[in-house]
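>>> Sequence and computational prediction follow.
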Amino acid sequence: MSYKLRQLIGCEIKMDISCGEDCEIVEGKLCFVGSDYVEVELKDDKKDRRDPCKKKDKKEKDKFVRIYPFESIKSFEHKKSKCDCCK
């Protein structure tokens, strides 16, 4: 799995994540693939995560990174329609 995920670094992906009995669908940009985890950059919908003292550019988006272990990833797919990295 890590080989295929490494090919998609920088691409938009959609993953099904399971944590116990809960399941979550995650969409974002794949940042890094480690030996047993992935880092995915997501858009931040919550305004309280930002530093109020930091000046924000108009082009800057609210983003944050989540780390998921391979064992919690049920499936993943490449979002080719939203990604121009492989063209």
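Yes, it's here.
>>> CA only for contacts and neighbour counts going forward, please
Noted.
>>> Pull the residues that contact stretch 23-39.
2, 5-6, 8-18, 40-43, 65-70 (Cα atoms under 8 Å, 6 or more residues apart in numbering).
>>> change it to 10 Å
1-18, 40-43, 63-79, 83 (Cα atoms under 10 Å, 6 or more residues apart in numbering).
>>> does Glu12 have beta-bridge partners, and which?
For Glu12, the beta-bridge partners under DSSP bridges are Lys29.
>>> can you count the residues close to it?
Glu12: 23 surrounding residues under other Cα atoms under 10 Å.
>>> What distance do you get for it to His78?
6 Å (Cα to Cα, to the nearest Å).
>>> Could you pull out the strands in the protein for me?
All strands of the chain, identified by DSSP state E, fall at 12-19, 22-33, 37-43, 63-69, 73-78.
>>> Export the ones you listed as JSON lines, with columns for mean pLDDT.
What follows is the strands of the chain, written out as JSON lines (pLDDT from 0 to 100):
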{"stretch": "strand 12-19", "mean pLDDT": "92"}
{"stretch": "strand 22-33", "mean pLDDT": "92"}
{"stretch": "strand 37-43", "mean pLDDT": "90"}
{"stretch": "strand 63-69", "mean pLDDT": "89"}
{"stretch": "strand 73-78", "mean pLDDT": "93"}
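>>> tell me the centre residue of this structure?
Nearest to the geometric centre of the chain sits Val40, at 2.3 Å (Cα atoms, centre = their mean).
>>> for that residue, what are its contacts?
Here Val40 is in contact with 9-10, 12-15, 26-33, 64-68 (Cα under 10 Å, 6+ apart).
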